[in-house]
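> just a sequence and a predicted model for now, questions to come.
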Amino acid sequence: MSSSGNASAAVSAYAPFGQAAFALLWTATLISNIGTWMHDVGAGWLMTTLDPSPAVVTLVQAATTLPVFCFALLAGALADRLDKRRMLLGINMGLLVVVSLLTVLVWLEAMTPVLLIVFTLVIGTGAAFMAPAWQAIVPQLVPREQLKPAIALNSMGINISRAIGPAIAGALIASVGLAAPFAVNALSFLVILTALALWRPEKTERRRATGSLLSDMATGLRHVRHNPAMLATVVRAAAFFLFASAYWALLPLIARSAEGGGATLYGALMALIGAGAVTGAVLLPRLQRVASSDATVRIGTAGTAFALILMALAQVPVALLVAAFMGGMSWIAVLSSFNVSAQTALPNWIRARGLAVFLMVFFGSMALGSILWGQVAAATSIATALFIAAVGLGVGAVLTRNLTIGQGEVLDHSPASVWPEAPTQADGQSDDQPAMVTVEYRIRPEDTAEFQKRMKAVAKERLRNGATQWYVHQGVEEPALWLETFHLPSWAEHLEQHGRVSVADMDTHRSLRSLHQGPDAPRVRHYIGSH
């Protein structure tokens, strides 16, 4: 256990701005995100002019989010291997070219619904490969005690841009034309590229690649599966975003169908969502002093359900603007809490892949929700779709109530570095051969039930830190003898496993080994597969 949670509570909400690298990249990201939100408003509104069908309009939102679901885990595996700064520079350069071409086609009035979906998919794919690396560099920019406010400030920056970008986009579409938001977005990539070129992170030792990318991806999935804090975060996130995606997907149609609705109202609604989120981000530190991350998510979920119902009932723009503001406040409370929960649940060695899984769930739920709510609205009505989504939020909150958000905030994920050095391999043995490790315990009969209970936590640790299989057996001739066995894809992976065991993991091991009887510690043996 650590006191990091208490320490972070005493840190100023704006302390991360004292770190020059964080301030530089935060500012550049703010400007870039303004361009991104202008692009999203432009794309959504452009599709309503090309094909106003709800099923088609919501495909824009789905095309934005679906690539993240498809490629985020691969991107996370790459980010854990590559230099993150160079990776981000390359992706942003590619996106600059794509968005510039899109701008030209819109200006020439050569855009079609299919072409817009294709461009949106390409841009979404670029965002998918960028997101895990971008999130994973946050701990490099600030000390650990400033991580929580840094994440909150990043969320606030996104929502400041959401407040500014859509309003500007709506005004530019009305006064200049539909190509204007895309042009500004293209220019914003130059800002983020300049910031990344100026940033000079400290040299850190990148891990040596010991297996295939598919193996790395599988390790990331296993880690999340057996990390209770991370698993609770992604399940709760899926239960929220699947239903909260309804108003994001349907917002262009909500704006078009309102009294006196149009591009200006759509931009205003997006801006009010952003303004609500910024307001929520300012108030969030006060809320977090009296409410846990878990309670904050529940409050935000209730607020989102209220916003959905109000949008369904609203007949005039004023009511929609109030609902949008409420939706923005609730959104930032939930999203920030989920982000903090995910970041604090993960050790550094798996951070990009773990965050990629969270992003897959986030964007996958948003993409699936966008398609779902578009079809529901087409089959029934926009109001009915919003009502159903509000009910779904409530049902999801009830079904996942036992999964607590923020479990990792009190855990110390720093490497324990206490495992003895692994034995030297014999001649002819290779790092690439599969490995197996056994641990022998002697347990008194009266401690058997407690041993098996504590062993379950150790099993999760083995599997999330690299093991692919795990077993425990009791001796027949000697019932007091228990044999733990776990397998790894390679001896090299086991060597890395030595550095992955955290301080929190060692607490689990000590608890188990306290039940071991005998003059010596549990006996550990290592085996390696034959060619």
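Sure, I can see it. Numbering: from 1, shown residues only.
> phi and psi next, for the residue lying farthest from the centre of the chain.
Distance from the C-alpha centroid of the chain, by CA atoms, centre = their mean, peaks at E477 (49.6 Å). For E477, the backbone dihedrals (degrees, to the nearest 10) come out as phi -70, psi -40.
> and the pLDDT for it?
pLDDT, E477: 92.
> what of E450?
For E450, the model assigns a pLDDT of 94.
> contacting residues around it?
L515 (CB atoms under 8 Å, 6 or more residues apart in numbering). (C-beta placed from N, C-alpha, C; glycine too.)
> now the helices for the stretch 401-531 of the chain?
448-464, 491-500, 503-513 (DSSP state H, counting those that start in this stretch).
> helices or strands up against the last one?
Meaning helix 503-513. On a contact count with 3 or more CB pairs under 8 Å, 6 or more residues apart in numbering; DSSP states H and E, helix 503-513 meets helix 448-464.
> can you show me the CA trace of the helix it packs on as CSV?
Below are the C-alpha coordinates for helix 448-464, written out as CSV (Å, rounded to 0.1, in the frame of the first residue of the first chain):
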residue,chain,number,x,y,z
THR,A,448,-5.4,-25.2,3.6
ALA,A,449,-8.6,-23.2,3.0
GLU,A,450,-6.8,-19.9,3.7
PHE,A,451,-3.8,-21.0,1.5
GLN,A,452,-6.2,-21.7,-1.4
LYS,A,453,-7.9,-18.3,-0.9
ARG,A,454,-4.6,-16.4,-0.9
MET,A,455,-3.2,-18.5,-3.8
LYS,A,456,-6.0,-17.1,-6.0
ALA,A,457,-4.5,-13.6,-5.7
VAL,A,458,-1.0,-14.9,-6.5
ALA,A,459,-2.5,-16.6,-9.6
LYS,A,460,-3.8,-13.3,-10.8
GLU,A,461,-0.4,-11.7,-10.3
ARG,A,462,1.4,-14.5,-12.2
LEU,A,463,-1.0,-14.2,-15.2
ARG,A,464,-1.0,-10.4,-15.4
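> buried set for it?
Buried residues in helix 448-464, counted by 16 or more other CB atoms under 10 Å: 451, 454-455, 458-464.
> number of residues surrounding G327?
By other CB atoms under 10 Å, 26 other residues sit near G327.
> and for L481?
A count of nearby residues for L481, using other CB under 10 Å, gives 14.
> how's this protein carved up into domains?
Using automatic domain parsing, the domain ranges for the chain come out as 15-200+213-410, 435-528.
> now the ones you listed in TSV, with distance to D427?
Below are the domains of the chain laid out as TSV (distance: least, CB to CB, whole Å):
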stretch	distance to D427
domain 15-200+213-410	26
domain 435-528	12
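> tell me which of those lies nearest to P420.
Closest approach to P420 among the domains of the chain is made by domain 435-528 (8.2 Å; CB to CB).
> how far out from the middle of the chain is that closest one?
Taking CA atoms, centre = their mean, to the nearest Å, the mean C-alpha location of domain 435-528 is offset from the chain mean by 31 Å.
> looking at this, L66 is in a helix?
Yes - counting by DSSP: H, G, I helix; E, B strand; the rest coil, L66 falls inside a helix.
> burial measure for F243, as a count.
F243 - counted by other CB under 10 Å - has 27 other residues nearby.
> for A20, see how far away T27 is.
Plainly put, T27 is 11 Å away from A20 if you go by CB to CB, to the nearest Å.
> how close does T296 get to V361?
Distance from T296 to V361, counting by CB to CB: 19 Å.
> more neighbours: those two, which one.
More crowded of T296 and V361, by other CB under 10 Å: V361, with 25 against 22.
> what helix or strand does the residue lying closest to that one once chain neighbours are set aside sit in?
Among residues not flanking V361 along the chain, V234 sits closest, at 4.6 Å (CB to CB, 6 or more residues apart in numbering). Element membership for V234 (DSSP states H and E) is helix 228-257.
> list the buried ones in that helix?
Judged by neighbour count (16+ other CB under 10 Å), helix 228-257 contains these buried residues: 229-234, 236-256.
> got it, and stretch 511-526?
Neighbour counts over stretch 511-526 (16+ other CB under 10 Å) mark 512, 515-516, 522 as buried.
> quick one: average pLDDT of it?
Mean pLDDT, stretch 511-526: 89.
> which residues sit against that stretch?
Contact with stretch 511-526 is made by 422-423, 435-444, 447, 450-451, 454-455, 457-458, 480, 494, as judged by CB under 8 Å, 6+ apart.
> my guess is G276 contacts V322, does it?
No - using CB atoms under 8 Å, G276 is not in contact with V322, being 9.5 Å away.
> you'd agree A352 is up against D80?
Yes - counting by CB under 8 Å, D80 is a contact partner of A352 at 4.6 Å.
> next up, the contacts around L153.
Going by CB under 8 Å, 6+ apart, L153 touches 13-14, 16-17, 26, 281.
> mind running it again at 6 Å?
Applying CB atoms under 6 Å, 6 or more residues apart in numbering, we find L153 in contact with P16.
> give me the distance between it and A379.
Distance from L153 to A379, by CB to CB: 42 Å.
> confirm A385 sits in a strand?
No - assigned with three-state DSSP, A385 falls outside any strand and is helix.
> tally of neighbours for it?
27.
> now do it, the pLDDT please.
Looking at A385, its pLDDT stands at 94.
> in this structure it contacts A379, no?
No - contact criterion CB atoms under 6 Å: A385 and A379 do not qualify, at 8.8 Å.
> so which of T27 and A20 has more stuff around it?
More crowded of T27 and A20, by other CB under 10 Å: T27, with 14 against 10.
> related to what we said a few turns ago, shared neighbours of G276 and V322, anything?
By CB under 6 Å, 6+ apart, no residue touches both G276 and V322.
> can you map out the strands along this protein?
Applying DSSP state E to the chain gives strands spanning 435-442, 469-474, 481-488, 523-528.
> figure out which of the ones you listed is closest to S336.
Nearest to S336, of the strands of the chain and by CB to CB, is strand 469-474 at 35.0 Å.
> in the closest one, what counts as buried?
In terms of neighbour count (16+ other CB under 10 Å), strand 469-474 has its buried residues at 470, 472.
> quick one, it and strand 481-488 angle?
Orientation of strand 469-474 against strand 481-488 (axes from the mean of the first three to the mean of the last three CA atoms, to 10 degrees) gives an angle of 170 degrees.
> partner strands of strand 469-474 and their direction?
Paired neighbours of strand 469-474 in the sheet (DSSP bridges): strand 481-488 (antiparallel).
> name the helix or strand of the chain that has the lowest mean pLDDT.
One helix or strand of the chain scores below all others by mean pLDDT, DSSP states H and E: helix 4-10, with a mean of 44.
> helices along the stretch 1-150 of the chain, start to end?
Using DSSP H, counting those that start in this stretch, helices in the stretch 1-150 of the chain cover 4-10, 20-50, 54-81, 84-107, 113-136, 138-141, 147-175.
> I would like the residues contacting the fifth one, please.
Contacts of helix 113-136 with the rest of the structure, by CB under 6 Å, 6+ apart, involve 50-51, 59-60, 63-64, 67-68, 71-72, 75-76, 79, 84, 87-88, 91, 95, 98, 102, 351-352, 355-356, 359.
> now the fourth one
Among residues not part of helix 84-107, those counted as contacts by CB under 6 Å, 6+ apart are 111, 119, 122, 126, 129-130, 133, 137, 178-179, 182-183, 185-186, 189, 192-193, 196.
> what average pLDDT does that helix get?
91.
> could you give the angle of that helix to helix 20-50?
Computed by the same axes, to 10 degrees, the angle between helix 84-107 and helix 20-50 is 30 degrees.
> for helix 84-107, what is the distance to the chain centroid?
On CA atoms, centre = their mean, the centre of helix 84-107 falls 23 Å from that of its chain.
> may I see the buried residues of that helix?
The neighbour-count check on helix 84-107 (16+ other CB under 10 Å) flags 84-85, 87-89, 91-92, 94-96, 98-99, 102-103, 105-106 as buried.
> that's all I had, so thanks and see you.
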